[in-house]
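Q: A predicted structure for the sequence below; I have some questions about it.
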Amino acid sequence: MMKEIVIISGKGGTGKTSLTASFAVLGGQDIVAADCDVDAADMHLLLQPDQGRSEEFFSGQLAEIDPDICTQCGACVTICRYNAISVIDGKHQVKPLDCEGCGYCARICPVNAISNIDNNVGQWLISEIKTGSKMVHASMKVGAENSGKLVAKVKKEANIIAQNENKSFIIVDGSPGVGCPVVSSLSGADYVVFVTEPTVSGLHDLKRVFELVDKFKIPSGCIINKADLNNDKNDEIRTFLNDMRIDHIIDLPYDESFTKAMTQGKTIVEYAKSEIGSIVEKSWNMIKKRIIELN
Amino acid sequence: MNIALTAKGKTWDSAMDPRFGRTEYFFILNEDNNEVKIIDNSEANQEAHGAGPKAAQKLYEEKINILITGNGPGGNALSVLEKAETKIYVGAGNMTVREAYEAYKSNQLNNFE
Amino acid sequence: MKIAIASGKGGTGKTTLATNLSSYFAETKQTVLVDLDVEEPNSKLFLQGDLIHHEEKYKMIPEWDPTSCTLCGLCRKVCNFNAITQILDEIMVFPELCHGCYACSELCPVGALPMKPKKMGVLTHYKNRDLSFIESKLDIGEEQAVPLIAQTLEYVDRVFPGDILKIFDSPPGTSCPVIEATKSADFIILVTEPTPFGLHDLTLAVETIREIGKPFAVVINRFGIGDNKVEQYCHKEKIPIIAKIPNQRKIAELYSEGKLLFREIPEVRSALEAIMEYIDTLYLRRAT
């Protein structure tokens, strides 16, 4: 039975992507990887995907004014709530970065000079990574609305591959924050792994993102990265995990090998000289074991 | 009764789709005359937001009395379905359409609150 | 003058820089810090101040008036966001899906969908001597950061005179909330770290900021931890690197406590001095 593991952090910079990539490598032939951090996708820097297949992705619409039909009456400017229509050299033009695609201007233009164009917000790809397994990933265009739809697409395609190729796990690098893309990352997850750090910000954002996960009632566990940075904060996190019944998976000590490995395009588990690599491997085994227990 | 099942395919042997708003198809059975109708839900799937309510609206237009699905609809879709007085049964996400319908008939599925 | 602090990647030190820089500036002049990372505002964790003002922020949402509605269904047709459904004799509006375009409300032939305010978040205003600090936080479940960011910027423009220095801590990434937070700035600082992730996300951030067309420069945080590819990239792209904050365990520890850095770490103070000097030169150039 295929299981989906989603790794999220609330706060950026905790090591979420580095760990997700490590798990993908450890998972070898058993897994499909999905990079749902589509606003700033980084996992490919560690997994070296071949970008085998790519497709354009459309979400929402943008208004476009045909200058040959437009009579410059300005009705569109009057009703646009986003100040997305500018007048340059007497010509009315839509500013794509500001247009929300509501379609109102197109509806009321007295000469039908405005049309709604499907908005190409990025592309999604299916690649083979260095272990020979598949990864689904995406990149969003600058300024696009990150609605969660592209995340949903990445997850869906990963699920299809996992079914077709009989893989045991889908490993998802989740979106940061607490908005729609995270919700989309979480939907369908069988187990959530929080990656946090023993800092004031780390704990604060962990609590905020946990609120979201709690609503979905998905079982979860937590990895405390840079765990020895601050013992008091570490204790506070453990208390929180205990109170909320979140598994405390493991503590990872502060170790710059992660970065050294990254500069060589490697995950920590491929980096020869690190003890921390074996702790990460241990945490992967614990996660797998926990998922089996939960069933 | 008109029954709708969320499905990944168009036949009785197709796998159920556990999702509601972004399900691939609605497999619709009219129990009075045993006619089957398939609705392609890819339009709702195209939506960035609001796939759930849009799908719920579609079921309302088809006069669906019973919905059989996997996980259950999200909040917005649920309020539309409740208003339309559609009864919802969940837990069929890993079955085929045929199995899901039989499970519903033999009271093995849970009512969705 | 308005300075926005942004980064492609989360966790590079945007909030660290914004809180330290604004506190440092406030030693010698009136300064306003605005935390626009409305999904996860963190600046408050590092600053103390007295509460000056607190207000709920609203977005306008259509509210159905059954008494005048004729159930013509036009509202549902004109909504591009599926925020309106018609079931039986009721029109249902889904507030989180609404983008506030007013189309349904204004096109309704009988005025049955007047726009009414709905709470989406909270703005809080603190003050500590010469540092004023504004934080806005989106309610959980609200999907759109842009309206709250826009309203926070309006508040700042209304409450503070134009000549006071304002620093915006923007959300991470490159999507539309970042555009909203940075487009009205006079100058943008991109914070990055000298690692492959830092470099990759910096190139995305640079692409975004170039779309906005404002002058910008880079600050490298945790300098020394990775490689020199970020520096090489900046030199190639002729992007000024105006400060480097070194990678030090002591810095990480202070940060973990929620403390400011520049009073205890001289290298951080020097970095802030370098930034202040760069900005003063820019400002003087602009003023003349």
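A: Cool, got the structure.

Q: what does chain A put close to chain B?
A: A:58-60, A:145, A:147-149, A:152, A:156, A:180, A:187-188 (CB under 8 Å from any CB of the partner chain). Placement of C-beta: from N, CA and C, glycine included.

Q: counting neighbours, what do you get for residue A:211?
A: 12 (other CB atoms under 10 Å in any protein chain shown).

Q: just confirm it is within a strand.
A: No - applying DSSP: H, G, I helix; E, B strand; the rest coil, one finds residue A:211 to be helix, outside a strand.

Q: state the distance from it to chain C.
A: Going from residue A:211 to chain C by CB to the nearest CB, to the nearest Å gives 6 Å.

Q: between the residues of chain A next to chain B, which is closest to residue C:27?
A: Checking the residues of chain A next to chain B against residue C:27 with CB to CB, the nearest one is residue A:145 at 39.5 Å.

Q: quick check: that closest one touching residue A:61?
A: No - Residue A:145 is not in contact with residue A:61 according to CB atoms under 8 Å; the separation is 11.1 Å.

Q: these two: which has the busier surroundings?
A: Shown here are residue A:145 and residue A:61; by other CB under 10 Å, residue A:145 has more neighbours (23 against 19).

Q: check contacts around the more buried one.
A: The contact partners of residue A:145, by CB atoms under 8 Å, 6 or more residues apart in numbering or on different chains, come to A:59-60, A:100, A:121, B:48, C:175-176.

Q: tell me the pLDDT of the residue of the stretch 101-250 of chain C found nearest chain A.
A: Chain A sits closest to residue C:101 of the stretch 101-250 of chain C, with a gap of 3.5 Å, by CB to the nearest CB. pLDDT for residue C:101: 95.

Q: format the contacts of residue A:145 as JSON lines; extra columns: pLDDT, distance to residue B:2 and neighbour count.
A: Listed next are the contacts of residue A:145 as JSON lines, based on pLDDT from 0 to 100; distance: CB to CB, whole Å; neighbours: other CB atoms under 10 Å in any protein chain shown:
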{"residue": "A:59", "pLDDT": "86", "distance to residue B:2": "32", "neighbour count": "23"}
{"residue": "A:60", "pLDDT": "86", "distance to residue B:2": "33", "neighbour count": "24"}
{"residue": "A:100", "pLDDT": "90", "distance to residue B:2": "37", "neighbour count": "23"}
{"residue": "A:121", "pLDDT": "89", "distance to residue B:2": "37", "neighbour count": "26"}
{"residue": "B:48", "pLDDT": "70", "distance to residue B:2": "29", "neighbour count": "24"}
{"residue": "C:175", "pLDDT": "84", "distance to residue B:2": "41", "neighbour count": "26"}
{"residue": "C:176", "pLDDT": "83", "distance to residue B:2": "41", "neighbour count": "21"}
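
Q: just checking, which of those belong to helices?
A: Judged by DSSP state H, the subset of these located in helices is residue C:176.

Q: residue A:280 is in contact with residue A:22, isn't it?
A: Yes - contact criterion CB under 8 Å: residue A:280 and residue A:22 qualify, at 5.1 Å.

Q: state the distance from residue B:10 to chain C.
A: Noted for residue B:10: a distance of 25 Å to chain C, by CB to the nearest CB.

Q: burial count for that residue?
A: Count around residue B:10 with other CB under 10 Å applied: 15.

Q: what does the one 3 residues further on give?
A: Taking other CB under 10 Å as the criterion, the count of residues near residue B:13 is 10.

Q: may I have the predicted confidence score for it?
A: pLDDT at residue B:13 comes out at 93.

Q: what residues does residue 14 make contact with?
A: No chain in the question, so chain A it is. Residue A:14 sits next to A:195-197, A:202, A:225, C:11 when contact means CB under 8 Å, 6+ apart.

Q: could you do chain B instead?
A: Counting by CB under 8 Å, 6+ apart, residue B:14 has contacts B:7-8, B:25, B:27, B:96-97.

Q: show me the strands in the stretch 101-250 of chain A, by range?
A: Ranges of strands in the stretch 101-250 of chain A, per DSSP state E, counting those that start in this stretch, are A:114-128, A:134-140, A:169-173, A:191-196, A:220-224, A:247-251.

Q: I misspoke; the intended subject was the stretch 51-200 of chain C.
A: All strands of the stretch 51-200 of chain C, identified by DSSP E, counting those that start in this stretch, fall at C:84-87, C:90-93, C:115-128, C:131-138, C:165-169, C:187-192.

Q: the longest helix in chain C is where?
A: helix C:266-287.

Q: contacts for that one, please.
A: Taking CB under 8 Å, 6+ apart as the rule, helix C:266-287 contacts C:1, C:3, C:20-21, C:24-25, C:186-187, C:189, C:215, C:217, C:219, C:240, C:242-246, C:248, C:251, C:261-263.
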